[in-house]
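Visitor: Sequence and computational prediction follow.
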Amino acid sequence: MANALVSIQILPTTPGGESVIPYVDRAIDIIKAAGVPYRVAPLETTMEGELGHLLGVVRTMSEAMAEMGCPSVISQVKIYYNPGSGASMGRLLEKYPDGQ
């Protein structure tokens, strides 16, 4: 059972003021490759899994932005950690499965 939810909003400084969309798409691809449940929302993406693994995904995302030529990146991260009874997006969204 997962023990954490990590939400991330990644804000790369792009070379030459380019659109951030391709960079955000790359970050989401990294989440997909990590094999964890996730949910994309307009301002952040939430992942579910083991805290250490999810923090590694955040690190990989930051490193990928640098590899793509971003001189810097800001990541706003929220962590819900519950090692006792676990963490679940489904459980927290039971009342609002469609976000409304």
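Guide: Looks like it came in fine.
Visitor: In a helix, S7, correct?
Guide: No - read with DSSP: H, G, I helix; E, B strand; the rest coil, S7 is strand and lies in no helix.
Visitor: how deep is it tucked in, by neighbour count?
Guide: 19 (other Cβ atoms under 10 Å). In short, each C-beta sits where N, CA and C put it, glycine included.
Visitor: And for the one 3 residues further on?
Guide: The local packing count at I10 equals 24, with neighbours defined by other Cβ under 10 Å.
Visitor: and it, what does it touch?
Guide: 23-24, 27, 61-62, 65, 73-75 (Cβ atoms under 8 Å, 6 or more residues apart in numbering).
Visitor: buried ones in the helix or strand containing it?
Guide: Per DSSP states H and E, I10 falls inside strand 4-13. By 16 or more other Cβ atoms under 10 Å, the buried positions in strand 4-13 come out as 4-10, 12.
Visitor: Just give me the closest of the residues you listed to E18.
Guide: Distance to E18, by Cβ to Cβ, is smallest for P12 among these, at 9.4 Å.
Visitor: I'd like to know the beta-bridge partner residues of the closest one.
Guide: Per DSSP bridges, the residues bridged to P12 are V73.
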